[in-house]
Each structure stands twice: as structure tokens, then as C-alpha cells.
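Enquirer: structure, please.
(chains A, B, C, D, E, F, G and H, ligands or ions: 10)
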Amino acid sequence: MSTTPELAILNPVEEVLRKDRIPTIWCPGCGIGTTVNSFAYALMGTGIDLKKTAIVSGIGCSGRVSGYMALDSFHTTHGRAIPFATGLKLANPELNVIVYSGDGDLTSIGGNHLVHAARRNMDLLVVCVNNMIYAMTGGQAAATTPGNSMSTTTPYGSFEPEICLPQLVDACGAVFVARWTAFHVKQLERTMAKALKKKGFRFIEVVTPCPTLYQRRNNMGDGLAAMVDYKTRSKIKNGAPTYEVAMQPGGDIIVGEFVDREREDYLSRMRRQLGSHYCEFPEQVEDQEPEGCCSEC
Amino acid sequence: MSTTPELAILNPVEEVLRKDRIPTIWCPGCGIGTTVNSFAYALMGTGIDLKKTAIVSGIGCSGRVSGYMALDSFHTTHGRAIPFATGLKLANPELNVIVYSGDGDLTSIGGNHLVHAARRNMDLLVVCVNNMIYAMTGGQAAATTPGNSMSTTTPYGSFEPEICLPQLVDACGAVFVARWTAFHVKQLERTMAKALKKKGFRFIEVVTPCPTLYQRRNNMGDGLAAMVDYKTRSKIKNGAPTYEVAMQPGGDIIVGEFVDREREDYLSRMRRQLGSHYCEFPEQVEDQEPEGCCSEC
Amino acid sequence: MLKEIRIAGFGGQGVILSAHITGRAVALHENGYATMTQNYGPEARGGAASAALVISDQPVLFPYVANPDILVVLSQEAFTRFTPEVKEGGTLLVEEDLVHMENLPQHLKVYSIPATRIAEELGKKMVLNVVMVGFFCSITGAVSYDACLAAVRDCVPAKFLDLNLKAFDRGFQFGKELLEKGTKPEMDTETEAILESAN
Amino acid sequence: MLKEIRIAGFGGQGVILSAHITGRAVALHENGYATMTQNYGPEARGGAASAALVISDQPVLFPYVANPDILVVLSQEAFTRFTPEVKEGGTLLVEEDLVHMENLPQHLKVYSIPATRIAEELGKKMVLNVVMVGFFCSITGAVSYDACLAAVRDCVPAKFLDLNLKAFDRGFQFGKELLEKGTKPEMDTETEAILESAN
Amino acid sequence: MPKGSVAITAERCKGCGFCVEFCPTHVLELSSAFNAKGYHPPHMITAEKCSGCNLCGMYCPDFAIFGYKFPDLKGGKVGPA
Amino acid sequence: MPKGSVAITAERCKGCGFCVEFCPTHVLELSSAFNAKGYHPPHMITAEKCSGCNLCGMYCPDFAIFGYKFPDLKGGKVGPA
Amino acid sequence: MTHADPRCVLTGTHFINGDAACCEGALAAGARFAAGYPITPSTEVVERFASRAPAVGGIFIQMEDELAASIALQGMVWAGQKSFTVTSGPGFSLMMEHIGLAAMTETPCVFVNVQRGGPSTGLPTLPAQGDMMQARFGSHGDYSTISLVPSTPQECFDLTVTAFNLAEQFRVPVMFMMDECVGHMTEKVVIPEASEIELYPRRRASKPPGEFLLFEPGPDLVPEMAHAGEGYNVYVTGLTHDNKGYPLMNPKMQRELVTRQFEKISRAADQLTIVESEGVEGADVVIVAYGITARVSRRAIQMARDKGLKVGLLRLICVWPFPEKLIRELAPKVKALVMPELNMGQVVIELERCAGGKCKVISVPHPGGTVHKPAEILEAIERGAQ
Amino acid sequence: MTHADPRCVLTGTHFINGDAACCEGALAAGARFAAGYPITPSTEVVERFASRAPAVGGIFIQMEDELAASIALQGMVWAGQKSFTVTSGPGFSLMMEHIGLAAMTETPCVFVNVQRGGPSTGLPTLPAQGDMMQARFGSHGDYSTISLVPSTPQECFDLTVTAFNLAEQFRVPVMFMMDECVGHMTEKVVIPEASEIELYPRRRASKPPGEFLLFEPGPDLVPEMAHAGEGYNVYVTGLTHDNKGYPLMNPKMQRELVTRQFEKISRAADQLTIVESEGVEGADVVIVAYGITARVSRRAIQMARDKGLKVGLLRLICVWPFPEKLIRELAPKVKALVMPELNMGQVVIELERCAGGKCKVISVPHPGGTVHKPAEILEAIERGAQ
Ligand SMILES: Cc1ncc(C[n+]2csc(CCOP(=O)(O)OP(=O)(O)O)c2C)c(N)n1
Ligand SMILES: Cc1ncc(C[n+]2csc(CCOP(=O)(O)OP(=O)(O)O)c2C)c(N)n1
Ligand code: SF4
Ligand code: SF4
Ligand code: SF4
Ligand code: SF4
Ligand code: SF4
Ligand code: SF4
Ligand SMILES: [Mg+2]
Ligand SMILES: [Mg+2]
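Expert: Numbering: from 1, shown residues only, chains lettered A, B, ... in the order given. Ligands and ions are numbered 1, 2, ... in the order given. The predicted structure follows:
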């Protein structure tokens, strides 16, 4: 019989997972775990130093990802993964810092941090699992929920316009912007690998099924049905202008790598501006009262 | 002698000002008061019902504008003028609601509300006085401060990239987006009048001098010098794509009406979605347990 | 008389609703008191779900159930986790296709029903929870047939009413017959299957 | 001996710095104690600015100044607002071009100086505050010439040092001469101008 | 005979000079006199050139000045339209 | 002789069917048997068709399956490359 | 007092949980507007409101975060409506700045907090009473508000109505401090006829614009209210302000304003002493408790009485302001006051202060996640009885 | 203990204000990273830090708001650095959620709050002490932290160093509660040689990865710390967690975790009883005060002594945890304890509780905007002495 006994050989992804945390809390057919595979292979493929890699999440089903990765894992507060990650990066520039969280977390309550981290071109990779719903709390409509969807807070169908994440982060200055769905496991792996190696603020949106609280409640079947739906609705348009990639309920899902530009990242720009005022700590600084020593000088 | 005794005739703008609040707290040569003139004439010109007009500000020098207008004035908390205004509008759709505040208030701490109000196409007019600095608190760098500027928090010159406000709110779906400077008193009046009459989320950025804490500290002279500088640096480009209007230190200031599109505003969309589920209060509703009466039904 | 009841299974089986219907029957359609609580938790996402129900002729003070008089289990996990907690001489109701009863405490009265299969026969797996309510009603007698029926009517969407009423009755009848021929724990037939697929 | 001092004028006149220099002189260059506080406020935006300085040979407990022994005013507003607060027999130092002294309490010792004009003569209006420090130093004797000079050195940017030292000295000398010929409040010559422009 | 004039509330003025700079016909100048706050308010130097266009008023951040047109001679009433 | 095979950890499986659906050569099928959690894990129905491409592994949200290629006959060691 | 609008009242007998009952209470109280943001275990309140409100011309808006929700609701109030928001621990922490704003601007509104285990994300789905001191002191500066605590789903309905009434009467934000256990507990809830539900109407301006001063204290120190769109040109600011509402930032105005805002509450101490007492007369030990904990204590009291102990229960329904007078009178009459709380000992600080050493004060702390075992409380009763 | 790095210490005699002194204290304590957001009257601290930090390889980042600042600083700490943030009332209210996070994750850091008049925007440029209870109870749920209060610019330096040391020793966020008066008051400040400044070093993991458990309590109940990038695969969450740091959400774990986090502080009650007392022995009346108010009280004490009254001063330097034992011992020995505060009576609640009725406790409240008139305090002393 071709299935092999559990202990004989390990699933390669377990190299970067916290085995003692499996099984995950995720529902059957939840797409989050699928995105984790792409991420795991990207991590292993790029050969970046995993000891120097930290993953930060907010709160949510997607926010649990950090806790399943065998990296330095930070499960912070709802919406605040990015500023926490910013602190990590500034205080230890050697770290590769990845933010992995949900659409509600990163774009609703956390929207301001997304905007300003992109503006600063902070050297972070942000992976946004967009399941178009507030899942962890039981399925409330989010800023990403397609119009006319049923959710616990929109019993008569949602009516708030959705936000187009690639367009938003592009407008704020992100240097790398891409979108895939959980169906695109290989492309997602490649894009993540590419993004992991780039410097500056990088953003990847991954459209992902939440069968329990989104698909089922909208008669869209289970996770598998959603994956098949993504397969059929997706159109790959690398380099598409981000103002043309908004998602329409039932319409095409434009996927691909939209933005890949060069821009000086926060710390480089800081060092350039500070010039000789900035001394790496090991050097000696003279002991004298600086300018602005009192509220008037 | 041609100057007339104070009481003989009134400055027309006083019709919409709280006379008992003048003189303002603003510094000599501060541009905020100049923008208020354009606003005052726009208000009077459009003939909208001033009794049904509310103005909401956050905190800051610009945030004091609400308190000088003879309207319903709300001086809220720092960054939260927009959500307060949202509450006003939803609970009394008859109101014309204007948000008038500063760049730091609306775009830094308040950035998330700006993004989501624009996304919702909430029926608000937002006037952002962009003096490129946190003035009220004594001149710290803001998300709008041009690179290499001196401020109390950037003693060696600022190095954070500036945000391009028209591009941001455009990306979020604002239906009307314009930029003028305090020098463009007439154009600003016309644009404000036009915006006052439009429905949906409207955004006007007004580049304004803060001689005390920005211009002087950057050897750019006083308020007058700044006004003259605006006059020379401004290029009017109505309809310019917002991704082409970012300001460069010392470079052109692209001004004009950039976006003027039609999109269903929040309340209209809500009513359309809710359809018969929404009953204006006067009507009778039957007294029965609704769906979702318990956590499971 | 105060009865502490726990109903447990997976999320999505309608465990909570079955407790809700039962409690509602007691509180609204009989003149008793009922307090229902539920265990939420991230695991509720498709994982374990369980509800506790305290019914009494007095107001209920303590809302939780530590050692139920009656335990209803719809999953293996639930069986393993909650069976040890049942009171000496308590009653255990089991979904027989989903639960394989290993080292069962001898002191328990055990009653099994293929609720899922019955529900599937009725055309909608969803209604297994209402089948369970019927079964509970007849086996325990903790609440009357009529009260339960009324509660079912209250709680299910009109278009599924008949189906649910049928489901309730099937469960009730199954319990009645079982009582007539007397109880006995059954060996789960699918054990091997499980073990096999496990390696 | 404890001396309470207030220095008041517009924002931008360097009022706070002049208090800072004086306090610093006492605390760091003499072995006394000095506590400086300032009134901020939105009005500080180009409007009123004022600093309070308490100097003593004992640690200062109460930081604020309600009724100063010495008041230094560099603006009309400051004059009007603070003069009534000065202690019986207290001292008033005035920027004579900016202040028109109306109904002045008789009990005060008043000394005027055209500090702004002097500063402008020196080539930088900015230094009027240091002129004032010099004037304060010679008139009140509350702090020594050397201590003040040292404090000026501490506080001004190197490239303006000479200018400021000159300014300090001019102020000091002006006070010295004034003391020699004795004090008298002067009538402000620009009153009419003000009144006219006011209608 | 000028087409218009301005009204100045000197005590409100903070001497920013906007009105002077942006008056299209250069009617105004800051006076050497101080107001009570120590600022130099404007006064008219070439009143005859004033069109009453009120640009000075539009620019004045302190509501201290405004221009108004004289009515076309019929009735000397002075005031904004 | 197939080019590869899969390893399945049945207890982790939640029966979502991703692996079955997206296996390019349709090697897998959900078994009728339940695992302890009550899900139907996959099993191979056409093992000979398995290329060891590990697409099933890429899709499996619960890390319950993965594919691996057999080494080119030299040495029967079984395991991922 | 007026009466509830029948169109908003779900008169009848229901089997619903505390969250649902709270929602019905808000509707009965006349709240047709709410702003919120999802968080376990409170979300069911607004989920239900979202389905119920449209039928009565109401709106629920889910804002982008709790900062927005907690001030949008104040905009709704200044537009003339009754409004509320609902949250739990982490969201409540984010609302602190705006609770202060509501207090400072005397905006009548209700903040519902369904308490869960903390600190931080803690135990999102399990009960606690760990936010009680935060409800009183969580915002910066000095302010005085009202906090009510229900102990059954029925009370979640009844006291929500009371919460809105007190908010209107005193022009303060009222904290409605539920907990996960009560919020998720399903029981019979009886909703009376609208005609039996009394409501305290908005204190509208009795003078015309021009004569009316927005913050002029009435005889009970509470000002009347004018809204946007009524022609009053209201001026509302979080700065220290005079009776017109204009900023006036000096110590004298500060004293006048803050003192009045405290006194309007403290003067009403008797009305705001809302408790339920049972067997307190002649008791040796009195359990002082609130919310679900008071209910569980009853079990312990039964056990203690079976052992022949003289035990009473004083259930605090209104915890803030604290019933100081009552406790000062009670303390000398008993051997001990026992306070179980689902926190590490918060309200007991006030209890012990007011007991003033006149009797033992025994705290029975509990970090939450579940309720007390009656035995733990019994043990404390026995210690107290010695 | 180690010593300060001379490169960070501005040894010498300065004439600077409390805000500047606080900044120098942070640098001396080894903090080279800070995240903040401007707010009066605290901004001078970070403005100075922004000019000082680059020279020692440090960074100040002005975040987009206080929510971001209050968690960015925690990222800096988990990257292995010492870090702090600075704010005032409204910003402090926005930081509440993250103070709870820091407590729950045992992140050593310092929150500086330069208190101004409140509530809400209140009196942005004037002093108050109205955030004292908020410093202890402002975040949801149960947690225990430390609050220090300086009363001179010199202490703004000295105690900032202490604040960082206590943060490191106990792995808690420490609240450094200044006020506008002290912050903006300029006086002589002496900064000693680096060699005279003792620092409590980060408690780094003493075991290798694999053996090390991130939240395993040490003998003093405080766990050791490993940081991102050190190969430990740390797992840090605000959820209730086990010794590994893994979420474990049940009442048993909650009790274990929360109780330990309280005990690590309560066990050190003696070390954390940081007060200055003067003339307390044999006094009839003791003024218990903190911060600027204690300083002003000295004036009142002089006046009282001139009148022949026996008055002492107990100045609380560490207000939270409250020096309960000390007060319980002191109360029976005096006629009265008098507590002036620049708030409506906050810390006095604890004072009265601990006095346990053994003496009069007189609160001298003040809504802020300025400091007490010595006469107001004197009057209370005289009442107490009767
Ligand atoms: C301050 C705060 N507000 C609200 C919550 C409740 N909450 C937890 S997760 C979540 C939303 C999760 O949605 P998303 O980020 O899309 O993640 P998902 O669960 O959908 O993967 C919310 C609102 C919280 N924990 N903290
Ligand atoms: C929560 C909070 N944080 C910070 C502040 C302090 N603050 C008041 S105004 C202001 C910024 C004002 O800048 P801007 O919005 O650009 O207005 P400006 O003064 O420049 O016109 C800040 C940071 C505050 N009042 N509240
Ligand atoms: S609720 Fe949705 S997002 Fe969360 S685990 Fe389940 S399927 Fe995934
Ligand atoms: S500080 Fe700047 S913005 Fe503020 S009033 Fe003065 S000039 Fe205007
Ligand atoms: S009204 Fe016009 S012309 Fe006359 S002064 Fe003013 S700007 Fe000049
Ligand atoms: S514009 Fe106004 S404030 Fe400026 S100078 Fe002219 S009158 Fe004075
Ligand atoms: S490894 Fe490839 S071929 Fe083999 S089962 Fe998996 S997906 Fe199919
Ligand atoms: S993808 Fe994984 S979880 Fe889904 S059925 Fe296959 S093995 Fe099971
Ligand atoms: Mg989501
Ligand atoms: Mg600004």
C-alpha cells in the first residue's frame, strides 16, 4: 500500500513549521493552510537565514499563521502587526521581517499602518490573506467583502464598496505589489520567493476561501468549490495598472505581479540624510551638550 | 481718510463667522485664515442652508477653524473628525457636513478614517489644510513634510517620503478631488462651492503657509514669502491623473480639480440594498421575532 | 428536580441549536427554568462544539455543567473528552456512526442512534441535530414531546419545518422502540476502517 | 533672599531664552537656585509669551510666580496684563518702544530701555532679549555680570556669540547709565500713531 | 472718484502684508504705526486706484480688511453690495 | 513502476478534497473511511500514475499529504529529494 | 418620562441570550443608531441590531475600528439620536479616549462592554469582570460616569433601558458592563409592553437660539442639549470650555467645569444607589457582588445557610458611582463583607475603603475564564463568620 | 548590575527642563530606540531624543499615531533593544491596549506620560495628575505594573534610569508619570559619570534553544528573555499562554499566568516601596503626596510648622504598587493623613483603604491647570491636626 507510515519521512514543509502545533485550528477546506505551503517552500527555496527571520501577525484566523511557523513568531494585537514589525526591523536591521495577517486586520483596523509603512518604504514583506470576511469573529462583513454578500452584520446583503488593496498600497508607494489566489500555489511560491529577496515595502494579497463563514453563507459551496471558482475566474495580468485590478463580485480576478519598482528603503534614506550625524554604535561620540539642549537654544 | 470706523459696516465674511471669537489664535501670516475666506464666500455663494450645515474638526491650528465658523461646530479629538462627521451624517442625512482640519490630523493619525470614508463614499466634504507640519504641537515633521526639512523632530533634516493626498483618496474612491494653495483664493472659493453642491466623499487639499513653524525654520521667510512662492511654483492642471501630482521639494505644485466622478453615495447604496427591509421610521413595523432571533436561528 | 445536560460534537452539526430547542421547550413551553451556555473558542471553527443545558423547576443559579446527568455525543472527540465527566449512573446518548465507544464506564446507561444516517435518509444531513432532540426527548423524558415539538416550530426556518418535524419524530420513535427492547451499547463497526486509514 | 521675576512679551522675542539665560547664570554660574517656568498655550503661536523665574539661595519649592518682585515687559499686552500683579514697591523693566505705560501704579520703580532699537543698531533685532538680560543684570543686581556673561556664552550659537556679548554689554551699560542719572517713566511717543491706525 | 474702498479693522491686523502684496492696483501699504498688539496695519496710499474688488479681503487671514464697491453714485450709501 | 508516491498522515486530514481535485494525474480519491476526527482522508487509486510532483502537498491546507519522487532506481531509498 | 415606541419593542417571551437581550433593550430604549466593530463575545449584540434596525429606520454601521465606532456614535447623538456602541476588552481599551470626550462634552450615550478574560487578547471566548476599574478610570483626566452590571439575560434587557435613561438624565456616557457568561447565556427573557417601558427623554433646549447656552447647568447641574441642524450653532469641544461651549483654558474654568461634572453625579448618589439586597438584615456576613458573580454567590449562600451561617447578599447593580453611604452604614453591622469578583480584586478596593476598618473585608479574586466555584466563596464566608 | 555606557551619558551640570532630563535619563539607561507621536507637553522629550540618538546609533521614529508608537517600541524591545515611548493624556489613552500587551507578554519597556489637564483635550499646556489611576487600571483585564512619579527635573533624570531598571528586573512596562509643571520646569540637573550609573541588564536566556522556555518563571517568578534573531524561534502572543509562549486558553492556565504576573510584583513590595519621608516620626499629620504636589506641599508644611504644628511629609516616588504596608503601619500613629493631588481624588482611594479607619484621611483634590495654593494644603493640615 503506497501510503507510508507517519514517522518514516517528513513532509518537507515541516522543516519550517512548528510540528507540535499541528493540527491547526483551521476549518476543513480553509485556504489559509494552502498559502502557508507556498510560503514555506518560498522560505526554503530562497535560502534566507531562517534564524534571522521573524513573522508577525495581528489577530484573526490568518493571524494564527505566525504561530505555526518555526520562526520568531509574534502574534500581536488586532491591526498592529505592521508597527510591531517596524519596531523589530528598525532595532535589528539584520532581520527579515514578514507580516502575515488577514484582510480585516491589515486593511480595516490596521489600514493606517499599512498606508504609512508603504509610504515610508519600510523594509517589510506583508502577506495579506484576503478571505473577504472577518472570520475569527464569526463572519462579519469587511472592507473587502464583495457587494451583496450575506454576513452576520449584513443580513440583507452587504453594501459597502470594497477597497482595492493593490491600488491602495501602490498609491502609498509600495515597491512590490502582487495578487494571487490560494489556487495559484506555484505562482504564489515564486512571487513570495521574489518578494523575500527584495528590499522595501512589499505587499502580496492572497485571495483565500473561508468556506465556513463566507462561501457557505453565500451558497458558494465549500473550500474546494471556491478554489475551482478562483481557477476559472482568475486572469493573470502581470504589470497591470493597479487602478484596473479591482475585483467585481463574480467577475474576473486579476492576478499577477503588478508593481516592481525601485525606491530607497526607510533605513537607507535615513542613513543618507543623517550622514555623519549617524554613528554606528560601536564608534565613540564626543561628550558635549548637543544643539537644542534646552527648549530655546 | 478712507478707512471706515469699525462698526459702520461689517466684513461680509462675518456673516458666517463667530465674531466674538476674533481675533483668532493664528500667527501673523498664517494661511489658515485666508482659506477661511474662500470657504466663507463659498458657503454664502452656494446658498446652502447654513442652519443645516455642520463643520467638524480634529485638533490642531487648522482644527480651530470649526470654532470660528457660525455653524454647528464640532472640535473633536485628534484624527477623528471624519468618523464623528460620519455619525452626524448617518443620523441626520439632511445635514451638510464639512470636515475642516489639518494634514497631520486627517492623514497621519486620522489616515484610516480618510481611507474608509472615501471607500464608503460617505457624503462629506473634507478640507485638508496642508501646512506640511504638525503646527499646533510646535512643528514636528508630518507625513506631508517635504524631504530634507528642518523640524523639531528632524534636526538633521526630514527623510520620510511624503504622501500624495490626492492620489491616496482617489485610490480609495473619492468622487471629487482637488488641490489649491492659500494663494488661489478665488479658485479655491469656486472649487469649494462646487464641492459643497456635490454628493459623496469630496476632498480638497489646500497647501497653506505655517510661517512660524515651517517656513521660518526652513529659511523660507514669512507667510507672505510662502504665498508668493506658491504663486510662482503652482501649475494649474485640471483633470491631471492623481499619480502625477505628487509634490517635490521646490518643484511645481500641481493644482486644480483632479477628480470629479459620479458614484452612488453610502446612504443611497444602503437604501438600495436594504430595499423593503428599510422603513423610514414613521411607518409601522409588525411586532414579531425577526430572523436571527437567537445565536443559532 | 435539576438536570444538567451536555450536548457535544463538531461545529456544523447543530449541536448548539439542539440544546437551544430543548432549553426553549422547557423554559417557554413548559413552566420550568432552563439555562443554556456554550463553549466557544477558536476551535469552534469546524472543531469541537458543545453546549451545556441546566433545566430545573427552580431558577438556575450556577450556569455551567461540570458533571452532567445526561451527555449527548455526536463525535469521537466529544465522547472521549466528556464521557468521564458524566455523573455516576448518568445517561449517555450517542451518534453511533460517528462514535466508537472504547473503555466505556460501566455505570452509564447508554443509548445509541444512527442520527446522521437517519437524517440523510430524510434527505438532509443538517437535521441530525433535530433527530437527536427527538431521541433525547423520548429516552430521557426530561421534557415533553409537545413542548419539544413547539420549540422545534419556533426555531427552524419555515421552509424546512416539515423536514424538521419528521426528523424530530423519527428520533423520538427510534428512542421509544429502543426503550421497548431495552438498551445495550453497540460495537462500532467502522473501527478497522479508521485504523487502516490512519497509517 | 528669594526673588520672583516675570519676563513677558510676544512669541518670537526670545522672552523665554532671556529668562533661561538669567536662571542659568544663577543656577550654574553662581551657587544659587533657580527655577524657570513658562506659560505655553495656543496663544504662544506668535501671541503672548511669558516666563517666570524664581531665584533663591534656598531650593525653590513653589515654582510659579503670582506677584513678581521684578517684571520685565516687552509688549503692550504684557504690560497691561502683568503690571497689576507686581509686588508693592517692585521693579518694572520696560521695552520703551513697544510699551506705552498708561495708569502706572505709583509704587513701582520703573526703568525703560529701547532694547529693540539697540538690537537693530547692532544689526539683528533677534538679540533684543539679550540686551534685556544685560539691562536686567545692571538694574536689579539680582545676578552678577560675569555669571550672566557665562550663561550667554552657554546658550547662543557660536556664530552669533560676539553679537550677543555686545548686546548683553550694551544692555548692561544702558542700565548702569540710567541708574547714574536716576529713573523716570517716559511717555510713549507713538501713542497717536496707534490710536489713529486704530480707527 | 474711486470705484470702491476698503474698511480696515486695525486692531485685528497682524501685519502679514498679504493685502498689500496681492492688491492688483497696489492701493495699500503697511503703516509705520503699531496697533496695540504691536503690528503695522495697512493704510491706503492710492485710494483713487481702489476698485473695491475685495481681493485684499479674500487674502486677509485675520478678517481685518475688506474692499467694497461704491454704488453707481445714486445714493451715497457706503457698504458692501 | 511509478515515478513517485505520496505520504499521507490521515489523522491530520480534514477531507477538503484539494489534493484529489488538483492532482494533475488523478491519482487520489477520498476514502469512505473516517479518521478519528470524522473526516475522509484520501488514498491512492492509481498509484502507478503518481509523478511525485507534490502538487497535492502544495495544496493540502493541513500538511497531511505530500508527494515525492523515487530516486532513479539506484538505491531504493524512499524520501523527498 | 415618556414611553417606549411599540414599533421598537419586541414585546413577548423569548429564549435568547444576554447579547440579544441587550440589543432588544437598546431598541426599546429608543436607540435606532449604533456604530461598532466586531469582537468576541460582544458581536451578537450588533449583529442582531443590524438585522433589527432597518425595519425602524435605524442604522448600524460597522466602522473601520473601535476608535471610529466610539466617536461616530457621538456624532449620531449630536445629530439628535440615541446611539450606542458595543465591544469587549481590547476594543474597550481603544475607546478610552472617546469615553473621556463623551464625558467632557456631556454626550448621552451607552458603551456596552461584554467582558472577556484579559489582559490583552487573553481569553476571547471566556468570561471575566476584569474591566471594572477601567470603566471608571480608563480614560485620562478626571471624569465621572455610571456603570451598570447585569447578572441575567433578563437584566441585560431591563438594565440596558436603564442605562440609556441614566445617560439622558445625567448627560454622561454610561458603561454597560456585561460579561461573556451573561452575554452568551440563553434563558427566558420577558419583554413587556412598550407602554410599560418608561424612557427619559432627551433634555432639549428650552430657550431659543441666542438666549440658549449649550453648557449652562440646570438646577440639577445638567445642561440642556441642542443638536446640529437646529439652528443653535452649537460649539462642542473636548477642551476646557465655558457655558457657551467656547474653549476657555484656565484653572478657574477647569475647576468650575470638572467640579460640576462630578457633582451632577455625586448629588444623585441616592438615586444611583441601585442594589438588590437579600437577607442582609441581621447577617453576620454579607456577600457584596455584581453581575454573574452575584448569581453564583447565591449558590454559596445556600450552602452556607445550610450550615447555619447568617449570610446576606448585597448585589451591586450600579457599581459606579460606588454605593459609599450604604457600605459605610452596613460595615459596622456585620462581621465581614465578602466580595468575589472575576478579577484580581478591583471593586473590593472601594469596598474596603468604605468599610473603613469597621469589619473584615474579604476579597475572593479570580482571574476569569470561568466563574467561581461556590465552594471558594463558601470558604470565604466561613472565614468571615469566625 | 552593569554600568551606563559613557557614550550615552551627558555627564555634567545642566540647566534643563524635566522633559530634557527625562530624555537624558533614557539615554543613560541605555535606551537608544524610541517610537513616539507628538503631543504637548511631552514632545520635547522625543525632540531631544531625535537629535541625540543618531550619534549613538539610535533611532527615534515618529509613528503615524500612538497606537503604532506604543507597539513599535515593543518590536524594538523584542529585537533586543531598550526602548520607550512618550506621550500625554489623549495619547496615553490610545496606548492602553498596548500597555496590556506589554504586561501580558512581559515586555520590559517604559511609557512616559507628561500629564496635562483633562479629561479629553482639556488643558493641553497646563499641569495635572489626573492619569494616576489610568496608569494602573487603564487597560482591560488584570495586570500589574509599576508607576514612578518625579517631582523635579533632577528626578526626571534619576528616576527615568530607575524606570528602565525596574522594567528590566520585573519584565513589565513601567509608567513614568511626569506632569506639565515638572516637564516644563527648568532647573539645575546634575548628570553623574557613567560609572556611577547602575543599570539592570536584560535578563537574557541562560539556556540554549531547545532547552529554553520563553515564559518559564525564574526564582523571582520573572522569566528570562530571548529575542528575534537569536535562533530561539520565540513565540510571543497576547493570548493566555503556557511557558513555551503557546496559546493555552483555559481557566487553569489563566490562573497560573495572571497570578504569577501579579506575584512577581507583589513579592517585591519592599523593594518597590520607594518613598522619601521627612519629619514623619512623631508627626500628628503626615502629608502623603507625589510629584510636583509633594514639592508644593513642602511650602505648606513650612507654614504649618511656623504655626507649631507637627507635620511630616511622605513623598511617594513609586505610587504603583501602592506602599500598603507602610501606610498600614503609619496610620495608627497619626491623627491624619492628608493627600493633595492634582486630580479629583485618585490615589487617596488607596490611601484611605490602607489607613483602614485608623486615622483621618483628608483628600485635597484639585482639577489641575495649576498647582495647589500652599494655603489650601495648610487648611487641610489644620483640619487634620484638630
Ligand atoms: C482591538 C480589537 N478589536 C477587535 C478584535 C476582534 N477580532 C479578532 S480577529 C478580528 C478580525 C479578523 O478578520 P481578518 O483580519 O480578516 O482575519 P480572518 O479571521 O478573516 O483570517 C477581529 C475583529 C480584537 N481582537 N481586537
Ligand atoms: C491623541 C492625540 N495625539 C496627539 C495630540 C497632539 N496634537 C494636537 S494637534 C496635533 C497635530 C496638528 O497637526 P495638523 O493636523 O497638521 O494641524 P496644524 O496644527 O498643522 O494645523 C497633535 C499631534 C492630541 N491632541 N491627541
Ligand atoms: S473560519 Fe474561515 S478563515 Fe477561519 S479557519 Fe475557518 S475557514 Fe478558515
Ligand atoms: S503655528 Fe503655523 S499653523 Fe499654527 S497658527 Fe501659527 S502659523 Fe498658523
Ligand atoms: S479692494 Fe481690491 S483694489 Fe481695493 S484695496 Fe482691496 S484689493 Fe486693492
Ligand atoms: S492682510 Fe489683514 S492682517 Fe495682513 S496686513 Fe493686511 S489687514 Fe493686516
Ligand atoms: S504527487 Fe503529484 S501526482 Fe502524485 S498524487 Fe500528488 S499531485 Fe498527484
Ligand atoms: S488536501 Fe489534505 S486535508 Fe484535504 S483531503 Fe487532501 S489530505 Fe486531506
Ligand atoms: Mg479575513
Ligand atoms: Mg499641519
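
Enquirer: roughly how far does the spatially closest residue to A:Tyr278 that is not a sequence neighbour sit from chain E?
Expert: Here the nearest residue to A:Tyr278 in space, its sequence neighbours aside, is H:Pro54; by C-beta to C-beta, 6 or more residues apart in numbering or on different chains that works out to 4.3 Å. Quick note: C-beta positions are derived from backbone N, CA and C, even for glycine. Look at H:Pro54 and chain E: by C-beta to the nearest C-beta, to the nearest Å, they are 37 Å apart.

Enquirer: how far away is H:Pro54 from A:Cys279?
Expert: The spacing between H:Pro54 and A:Cys279, counted by C-beta to C-beta, to the nearest Å, is 7 Å.

Enquirer: ditto for G:Ala26
Expert: Taking C-beta to C-beta as the measure, G:Ala26 falls 59 Å from A:Cys279.

Enquirer: what of C:Pro68?
Expert: From C:Pro68 over to A:Cys279 (counting by C-beta to C-beta), the distance is 69 Å.

Enquirer: that older thread, okay, H:Pro54 and A:Cys279: which has more neighbours?
Expert: Each of H:Pro54 and A:Cys279 had its neighbours counted (other C-beta atoms under 10 Å in any protein chain shown), and the higher figure belongs to H:Pro54 (24 against 16).

Enquirer: what residues does the more buried one make contact with?
Expert: In this structure, H:Pro54 makes contact with A:Leu274, A:His277, A:Tyr278, A:Cys279, B:Tyr156, judged by C-beta atoms under 8 Å, 6 or more residues apart in numbering or on different chains.

Enquirer: now do the same for the fourth one: its pLDDT.
Expert: Model confidence at A:Cys279, expressed as pLDDT, equals 93.

Enquirer: how about the first one?
Expert: Confidence at A:Leu274, expressed as pLDDT, is 97.

Enquirer: what's the mean pLDDT across the helix or strand where G:Ala167 lies?
Expert: G:Ala167 is part of helix G:153-170 when elements are defined by DSSP states H and E. Regarding helix G:153-170, the rounded mean pLDDT is 98.

Enquirer: and for stretch A:191-208?
Expert: Taken as a whole, stretch A:191-208 has a mean pLDDT of 98.

Enquirer: that stretch and chain H in contact?
Expert: No. Stretch A:191-208 lies out of reach of chain H by C-beta under 8 Å from any C-beta of the partner chain, never closer than 13.9 Å.

Enquirer: A:Ser108 and G:Ala68 touch, don't they?
Expert: No. In terms of C-beta atoms under 8 Å, A:Ser108 does not count as a neighbour of G:Ala68; the distance is 9.8 Å.

Enquirer: who touches both of the two?
Expert: With the criterion set as C-beta under 8 Å, 6+ apart, the overlap between the contacts of A:Ser108 and G:Ala68 is B:His116.

Enquirer: these two: which has the busier surroundings?
Expert: Of the pair A:Ser108 and G:Ala68, G:Ala68 is the one with more neighbours under other C-beta under 10 Å, namely 32 against 27.

Enquirer: phi, psi for the more buried one please.
Expert: With angles defined as degrees, to the nearest 10, G:Ala68 sits at phi -70, psi -40.
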